[in-house]
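Participant: Give me a model of this one.
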Amino acid sequence: MLQVNFIRQNADFVKERLAVKHFSQLNLVDELIALDEKRRKLQFERDELQSKVNAASKEIGNLMKSGKREEAEALKAEVAAIKVQMEDTSELADLETAVHSILVQLPNLPAAEVPVGRTPEENVVVREGGVKPVLAAGSKPHWDLVSQYGLIDFELGNKITGSGFPVYKNQGAKLQRALISYFLDYNTAAGYVEYLPPHMVNEASAYGTGQLPDKEGQMYHATADNFYLIPTAEVPVTNIYRDEILNANELPVKMTAYTPCFRREAGSYGKDVRGLNRLHQFDKVEVVQLVHPETSYEVLEEMVLHVEKLLQSLELPYRILRLCGGDMGFTSALTYDFEVYSAAQEKWLEVSSVSNFEAYQTNRMKIRFKDEKGKTQLLHSLNGSSMALPRIVAALLENNQTPEGIKLPKAVQPYFGGEWIK
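Facilitator: Numbers count the residues shown, from 1 in each chain. Model (predicted):
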C-alpha cells in the first residue's frame, strides 16, 4: 500500500497519478489526509501527556529524596489523573483503523512511463519477435488437436470437478511436466532460487501481495480454516520474506517456483475462454525479485529480457505490451504483458505479465533492508510469469501442427524425450 507520509506531502501528485489508473474515488485522498491530521494531533497530545508523566515521575523521585513527601504525594495524584486520561485509547485506535481502511482502497501509483489509456486497445506495443506461421488448409484449433492426439480431456475434468479444470493425460501430461522442468531450469540457470511453496495461504499472506481486499471475489476460499487457494506463486513466494529485514549485501533476492494456480474467473464466458484460453486451475512458473529501490526499474527491464529470451527459445511469435493505466493491476506501478500469436485462432494470447510493484507490496509485508548507512528502508518487489502454461501449450500445438504430427521446439525436446507429438 501507499505510505501516508508520502500522500500527505504530495496530495496533488497522488491524485494526478491515480487518475491515470482511472481511479474514481479521488476524494479518498482528502479524507485520508484529514483523518491522519486528526490522528497526528491526538498522538501529539498523548505524547505530550506522556512527557509530563515522565518528567513528573522524575520529579517525584527527587522530592522523595529531599524529604518533601507532601509535595511528592500531590504530584503523584496529578500523574495518576493524567494516566487515567491516557487509558482511553479508543479514539486513537479508531482513527488508525479509519486511515488504514482508506489506504487499502488506494491502488499503487502508475509510473511515469505508463501510457494514458482506459482499455487494452490503448496498450503500447513495445516490440515484436518471431514469425507468424502460415497454416495449411484444414488446420485445427488446440481444442480439436488435444482431442485428436488424446492430450487433454475437458469433459472428464468437468465430470470430476467442473468447467475450467482439465485433465491432462498421456503425452499432454508429459508435455506439461516437460515445460515446467524446462522453465524452472531456465530460471535457476539465471540465478533464481527454486522453491516449492504451499498452494494455500492465510489471510495475512493474501493481504500482503494485494489480493485482499481487492480480489477476494476471484479467489477460492477454504472457509473452514480461512485459507485461500493461491492465484499465483507470487503470493506465497513473496511472503517468504514478510516481516524480515535484510542487509544490502543480500540483494537482490531472486526466487522462482512452480505451482498450480486457482482463479474463479467469475463472469468469463464465450468463445474467448474456450479450451485452454481461460481456466480455473492451471500451471505456472513464476519469478520474483526483491531489490534495492534504486535498481528496481533496471531489474524490471532485465526480467522482461529474461522472459523474452524464454519465448524466443519456444520459437513462438510474440509481442510485448506496456499496459496503459486503465488496464493495469491494482498493485502494479508498471507492467509489461507478453502475448503469443495463435495461428489457428488468429489472435494474440496473453502468456506472461512482468511488473514492478515498487514498495506497494513490501510496505504491506514490512519487507525491509538496512542500507550502507544502517538506515532501514522498504525494498521494491517485482514478479513475472516465466511462464503460464495453458496458452503457451495452445500456441505450441496450433502453430506447430503438421500432417505428420506436432513438432516441438528444440529447447523442449530433451525434456519431452522426443521431437514429435503423434
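Participant: quick one, strands of the stretch 51-200 of the chain?
Facilitator: With DSSP state E, counting those that start in this stretch, the ranges of strands along the stretch 51-200 of the chain come out as 124-129, 152-153, 167-168, 193-195, 200-201.
Participant: List the neighbouring strands of the third one plus their orientation.
Facilitator: Yep, that's strand 167-168 we're talking about. Neighbouring strands of strand 167-168 in its sheet, by DSSP bridges, are strand 152-153 (antiparallel).
Participant: and the partner strand, how far from the chain's centre?
Facilitator: Its chain's average C-alpha position is 30 Å from that of strand 152-153, according to Cα atoms, centre = their mean, to the nearest Å.
Participant: going forward, begin numbering at 44 instead of 1
Facilitator: OK, 44 is where the count begins now, so the last one is strand 195-196.
Participant: For that strand, which outside residues touch it?
Facilitator: Surrounding strand 195-196, the residues in contact under the criterion Cβ atoms under 8 Å, 6 or more residues apart in numbering are 189, 209-212, 215, 319. Heads up, the C-betas are built off the backbone N, CA and C, glycines and all.
Participant: just those residues now: which is nearest residue 246?
Facilitator: residue 209 (29.4 Å; Cβ to Cβ).
Participant: count of neighbours near that closest one?
Facilitator: By other Cβ atoms under 10 Å, the residues close to residue 209 number 25.
Participant: still on that earlier bit, and the buried ones among the contacts of strand 195-196, selectable in ChimeraX?
Facilitator: Here is the ChimeraX command that selects only those of those that count as buried (16 or more other Cβ atoms under 10 Å):
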select :189,209,210,211,215,319
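Participant: contacts for stretch 454-465?
Facilitator: Contacts for stretch 454-465 (Cβ under 8 Å, 6+ apart): 192, 194, 214, 217-218, 220-222, 224-225, 356-358, 439-440, 447-451.
Participant: how about that stretch as CSV, C-alpha atoms only?
Facilitator: Provided in CSV are the C-alpha atoms of stretch 454-465 (Å, rounded to 0.1, in the frame of the first residue of the first chain):
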residue,chain,number,x,y,z
ALA,A,454,14.5,-26.4,-26.4
VAL,A,455,11.7,-28.6,-25.2
GLN,A,456,12.6,-31.8,-27.0
PRO,A,457,15.2,-33.0,-24.4
TYR,A,458,12.7,-32.5,-21.6
PHE,A,459,9.8,-34.2,-23.5
GLY,A,460,12.1,-37.0,-24.7
GLY,A,461,11.2,-36.7,-28.3
GLU,A,462,10.7,-34.4,-31.3
TRP,A,463,7.0,-35.1,-32.1
ILE,A,464,3.6,-35.5,-30.6
LYS,A,465,1.9,-38.1,-32.8
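Participant: What mean pLDDT does it get?
Facilitator: Summarised as a single mean, pLDDT over stretch 454-465 is 98.
Participant: List the buried residues in it.
Facilitator: Buried residues in stretch 454-465, counted by 16+ other Cβ under 10 Å: 455, 458-459, 464.
Participant: Roughly how far does residue 252 sit from residue 62?
Facilitator: 25 Å (Cβ to Cβ, to the nearest Å).
Participant: Which other helices and strands does the helix ranked longest in the chain contact?
Facilitator: Determined from DSSP state H, the single longest helix within the chain is helix 70-108. Applying 3 or more Cβ pairs under 8 Å, 6 or more residues apart in numbering; DSSP states H and E, we find helix 70-108 packed against helix 47-52, helix 54-63, helix 112-130, helix 133-146.
Participant: Let me know the angle separating it from helix 54-63.
Facilitator: If you take axes from the mean of the first three to the mean of the last three Cα atoms, to 10 degrees, helix 70-108 sits at 140 degrees to helix 54-63.
Participant: So which helix or strand of the chain has the lowest pLDDT on average?
Facilitator: helix 112-130 (a mean of 80; mean pLDDT, DSSP states H and E).
Participant: tell me what it is packed against?
Facilitator: In terms of contacts (3+ Cβ pairs under 8 Å, 6+ apart), helix 112-130 is packed against helix 70-108.
Participant: that older thread, in TSV, list the strands of the stretch 94-243 of the chain along with distance to residue 367 and mean pLDDT.
Facilitator: Output for those, formatted as TSV (distance: least, Cβ to Cβ, whole Å; pLDDT from 0 to 100):
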stretch	distance to residue 367	mean pLDDT
strand 167-172	7	97
strand 195-196	34	98
strand 210-211	35	98
strand 236-238	33	98
strand 243-244	30	98
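Participant: Could you point out which residue ranges in this protein have low pLDDT?
Facilitator: Applying pLDDT under 70 to the chain flags residues 309-315.
Participant: Which residue is most remote from the mean position of it?
Facilitator: In the chain, the residue that sits farthest from the middle, by Cα atoms, centre = their mean, is residue 110; the gap is 64.9 Å.
Participant: circling back to that earlier point, which of the strands of the stretch 94-243 of the chain has the highest mean neighbour count?
Facilitator: Among the strands of the stretch 94-243 of the chain, strand 195-196 has the highest mean neighbour count (mean count of other Cβ atoms under 10 Å), at a mean of 22.
Participant: returning to that earlier point: any chance of the helices and strands packed on helix 70-108 in a markdown table, with distance to residue 168 too?
Facilitator: A markdown table is the format used below for the helices and strands packed on helix 70-108 (distance: least, Cβ to Cβ, whole Å):
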| stretch | distance to residue 168 |
| --- | --- |
| helix 47-52 | 32 |
| helix 54-63 | 19 |
| helix 112-130 | 60 |
| helix 133-146 | 35 |
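Participant: Save these as JSON lines, and put in distance to residue 230 and mean neighbour count too.
Facilitator: Formatted as JSON lines, the helices and strands packed on helix 70-108 follow (distance: least, Cβ to Cβ, whole Å; neighbours: other Cβ atoms under 10 Å):
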{"stretch": "helix 47-52", "distance to residue 230": "33", "mean neighbour count": "15"}
{"stretch": "helix 54-63", "distance to residue 230": "32", "mean neighbour count": "16"}
{"stretch": "helix 112-130", "distance to residue 230": "54", "mean neighbour count": "12"}
{"stretch": "helix 133-146", "distance to residue 230": "33", "mean neighbour count": "15"}
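Participant: Which among these is found nearest to residue 334?
Facilitator: helix 47-52 (19.5 Å).
Participant: Pick out the residue closest to the middle of this protein.
Facilitator: Note: the chain centre (Cα atoms, centre = their mean) maps to residue 252, 5.2 Å.
Participant: quick one: contacts for that residue?
Facilitator: Going by Cβ under 8 Å, 6+ apart, the list of residues near residue 252 reads 277-278, 281-282, 374, 404, 407-408.
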